[in-house]
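>>> Provide a 3D model corresponding to the input given below.
(chains A and B)
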There are 2 protein chains.
Amino acid sequence: MHLTPIPGGVTAAKGFLASGIHCGLKKNPEKKDLTLIYSPDKCSAASVYTQNKVAGAPIVVTKEHLKDNLAHAVLCNSGNANTCNADGIEVADKMCAAAAQALGIDAADVIVASTGVIGQKLDVGPILNGMPLLVESLSPDGNDDAAHGIMTTDLTMKVSAYSFEIGGKACAVGGIAKGSGMIHPNMATMLCFITTDVRISPAMLQKAVSEVAVDTFNMISVDGDTSTNDMLSVLANGAAGNAEITDAGADYENFKEALFAVCRDLAVAIAEDGEGATKLLECTVNGAPDKNLARAVAKSVITSSLLKAAMFGQDANWGRILCAVGYTQGDFDINKIDVALSSPAGSIDVCKDGAGLAFSEEKAAAVLKEKSIGIRIHMNSGDETATAWGCDLTYDYVKINGSYRS
Amino acid sequence: MHLTPIPGGVTAAKGFLASGIHCGLKKNPEKKDLTLIYSPDKCSAASVYTQNKVAGAPIVVTKEHLKDNLAHAVLCNSGNANTCNADGIEVADKMCAAAAQALGIDAADVIVASTGVIGQKLDVGPILNGMPLLVESLSPDGNDDAAHGIMTTDLTMKVSAYSFEIGGKACAVGGIAKGSGMIHPNMATMLCFITTDVRISPAMLQKAVSEVAVDTFNMISVDGDTSTNDMLSVLANGAAGNAEITDAGADYENFKEALFAVCRDLAVAIAEDGEGATKLLECTVNGAPDKNLARAVAKSVITSSLLKAAMFGQDANWGRILCAVGYTQGDFDINKIDVALSSPAGSIDVCKDGAGLAFSEEKAAAVLKEKSIGIRIHMNSGDETATAWGCDLTYDYVKINGSYRS
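Numbering: from 1, shown residues only, chains lettered A, B, ... in the order given. Below is the predicted model:
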């Protein structure tokens, strides 16, 4: 299938509007803190959520609202996670009710999300006061405002969209995401909202979302901490007019491919913008005996604090790569592992059959100077592959997280 | 039982000699890099090892040598881990042979260990050349030299010893340890060597070592990376003259209590000296439904990069504590969790029933300014307890690990 990158993010698909405003939750009045995504046509809706037992109140409320897998809108604030608050559910309910009233829809058709500091009461006042402006601002050009409204410590706006065809009909899928720290998703990302005009049944949409999350958002890590508020939600309004996808045939595979591309783009953007990061790390595992082991090895490597610090220092300390492979749970032969480092500046083999190779430190330094580093692992034990993305561990990560609340 | 802290470390127990010299593996001639611990009487010997699939060559050789659970000596170099080298086993064998020849014992009675950079060939020359001086330097006063000879990025020497009585006989147990980074032990610490003059069968010694490791060295973490060379070895020469401990009665329990005290002291010292650390973190879990869950929750908290950075920043961001509790594997009710922070400056309740409490930021700042921070978690779901130790995540951790090889 042919996928074409297009602009527009969550408004790339036909029939979706978005907006983002500053309502007053963030101190800086120039920073947006409230986002709305809306489809006048009711959508099939599917989500995956954090596996953390501490689930933010918005997660609880959204799960309830998506029991029928139908929704009209996504409402999200930044600056406060509305998590571990005694009145959290009440606040999330009020947010949904306000959006529903302003949009003339049912509160149960609102997906609600919050991101920011945990355990501080979320004052719903600014959100309620901002609702008229938020709804008034809804626009097919509102993607960038919406993308900014969900950001916390993010330095970059995360947007991706593609056009493609299903059954001769022009379709689009696009999304926005936020996330920079507390990134080690388990079933979802920090926050990612995706829209599509593909006509697809709620059940098949949920299947696609769950399948795609495993190899995209669940394969990134910034700091090994799984957030309490992770959520990936997808709305499909059917405006493309394709024959509804109701089973796992070619149309489903095509849609999944497009959804995968958006999710991969956004997941990689989150890893690249990891708190304090100066480098994107991409670990590819080939030749694994099974898929889950391939995923586990790739994640183990990009999660290692020691390796992450070495990458910041541009030090080809490949022993730390092998060490992280070695503590991966599972049954495999460490003596078959080959490791190479790569970047736009070239590639260099550093380890073969579990033992070190002589290599040019000069060439290694040139490879590691680049912004994007590939860690290529071959297990020589099968045909399965996996890729995980992470970032280096830097002074700035410590700085950002040493004083997050202040 | 009454335990009295005493000086002397690995030479505190009767009949043990130790030495440490600079043989040339470290560039700085003032830094010791080779250590020997020796008992002229043959000892019961027991070890636990890293669970990393990448096991250093010395681990492989020591496992072979301890099949009979008997040993005379420990030989350890620092500066090079002798891991992931094609000729690693050969080098480790040569080290044992040289020590055995100089001491007039069997090579199979030598425990061998190495610590330092992974994947660079270990030149055995300096070790062989240094052997005569190393053996000549053996002394009942050699503990501190021995402790220095096993250090890598450690800033502090780690020594502990206690005297106690078994069956009316004066006994001692004492040890040395090293470890500062790549600390997330799985069945052992980085390197820890313990000696005792207690008479105990090899089987009971192994039982004691395995039991004690679970709640001491396996409960610390500096950076979540399990090393390839972790080893805890204990030698018992029987010089105290007590009736041999051959079953799990009162004498065994007394010995285990003393061994626990030494292991706990050394484990805490490693956490406190974590690479770049400015604070020791001690997480105590009470009211857990089972012991393993208590351990898992405590380790999850002290392993969180976000919490570690917040502690460095003296920020009472307790939401990160609850978040780390929440992603612990296992079945429990997050809404029953209470959290308090404590230090020599006082104690402050920050979370009750999984929700935040109003607290004085001023008081919290005073508590978190101290060097030693307690994180007290009550699960209100049973009677089990566990304690884990870690350290904060600092600029210096990144600095140290960004350029370890250079």
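
>>> which non-adjacent residue is nearest whatever residue of the stretch 101-250 of chain A ends up closest to chain B?
Shortest the stretch 101-250 of chain A-to-chain B distance, computed as CB to the nearest CB: residue-wise this is residue A:118, at 2.8 Å. Yep, even glycine has a C-beta here, placed from its N, CA and C like the rest. Nearest-residue entry for residue A:118: residue B:319, 2.8 Å, with adjacent residues in sequence omitted and distances by CB to CB, 6 or more residues apart in numbering or on different chains.

>>> residues contacting residue A:341?
Going by CB atoms under 8 Å, 6 or more residues apart in numbering or on different chains, residue A:341 touches A:316, A:318, A:347, A:348, A:350, A:364, A:367, A:368, A:373, A:374, A:375, A:376.

>>> the residue of the stretch 101-250 of chain A closest to chain B: how many residues sit nearby?
27 (other CB atoms under 10 Å in any protein chain shown).

>>> cool, residue A:156 as well?
So residue A:156, with other CB under 10 Å, has 13 neighbours.

>>> which helix or strand contains it?
Using DSSP states H and E, residue A:156 falls within no helix or strand.

>>> what parts of the stretch 1-150 of chain A come near chain B?
Neighbours of chain B within the stretch 1-150 of chain A, by CB under 8 Å from any CB of the partner chain: A:51-55, A:81, A:83-86, A:117-121.

>>> give the ChimeraX command for selecting the buried subset of the residues you listed.
Buried residues among those (16 or more other CB atoms under 10 Å in any protein chain shown), as a ChimeraX selection:
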select /A:51,52,53,54,55,81,83,84,85,117,118,119,120,121
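
>>> just the ones of the residues of the stretch 1-150 of chain A next to chain B in strands?
Mapping the residues of the stretch 1-150 of chain A next to chain B onto strands (DSSP state E) picks out residue A:117.

>>> residue ranges in the stretch 151-300 of chain A under the pLDDT threshold?
A:181-190, A:224 (pLDDT under 70).

>>> give me phi/psi at residue A:240?
Main-chain dihedrals, residue A:240, degrees, to the nearest 10: phi -70, psi -20.

>>> surely the residue nearest to residue A:118 meets residue A:83?
Yes - counting by CB atoms under 8 Å, residue B:319 does reach residue A:83; the two are 6.9 Å apart.

>>> give me the common contacts of the two.
Listed as contacting both residue B:319 and residue A:83 by CB under 8 Å, 6+ apart are A:118, A:119, A:228.

>>> distance to residue A:145 for those residues - can I get that in CSV?
Putting those into CSV (distance: CB to CB, whole Å) gives the following:
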residue, distance to residue A:145
A:118, 26
A:119, 28
A:228, 26
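
>>> who's in contact with residue A:120?
The contact partners of residue A:120, taken as CB under 8 Å, 6+ apart, are A:80, A:85, B:319, B:356.

>>> repeat that for residue A:240.
Residue A:240 sits in contact with A:13, A:14, A:166, A:169, A:170, A:171, A:172, A:196, A:197, A:198, A:199, where contact means CB under 8 Å, 6+ apart.

>>> is the closest residue to the third one other than its chain neighbours in a helix, a strand, or coil?
Leaving aside its sequence neighbours, residue A:166 sits nearest to residue A:242 (CB to CB, 6+ apart; 4.4 Å). The three-state assignment at residue A:242 reads coil, by DSSP: H, G, I helix; E, B strand; the rest coil.

>>> my guess is residue A:323 meets residue B:228, correct?
Yes - using CB under 8 Å, residue A:323 is in contact with residue B:228, at 5.4 Å.

>>> intersection of neighbour lists for the two?
Common contact partners of residue A:323 and residue B:228 (CB under 8 Å, 6+ apart): B:52, B:54, B:118.

>>> just curious, which of these is nearest to residue B:280?
Distance to residue B:280, by CB to CB, is smallest for residue B:52 among the shared contacts of residue A:323 and residue B:228, at 25.1 Å.

>>> how close does the residue nearest to residue A:166 get to residue A:262?
To residue A:262, residue A:242 is 18 Å away according to CB to CB, to the nearest Å.

>>> so those two - more neighbours on which side?
Neighbours per residue (other CB under 10 Å) separate residue A:242 from residue A:262, with residue A:262 holding more: 30 against 21.

>>> check for me that the more buried one belongs to a strand.
No - Residue A:262: not assigned to a strand; according to three-state DSSP it is helix.

>>> show me the contacts for it.
Contacts of residue A:262 by CB under 8 Å, 6+ apart are A:160, A:161, A:162, A:173, A:174, A:175, A:194.

>>> adding neighbour count, write these out as JSON lines.
Shown next, in JSON lines, are the contacts of residue A:262 (neighbours: other CB atoms under 10 Å in any protein chain shown):
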{"residue": "A:160", "neighbour count": "26"}
{"residue": "A:161", "neighbour count": "27"}
{"residue": "A:162", "neighbour count": "23"}
{"residue": "A:173", "neighbour count": "30"}
{"residue": "A:174", "neighbour count": "29"}
{"residue": "A:175", "neighbour count": "29"}
{"residue": "A:194", "neighbour count": "28"}
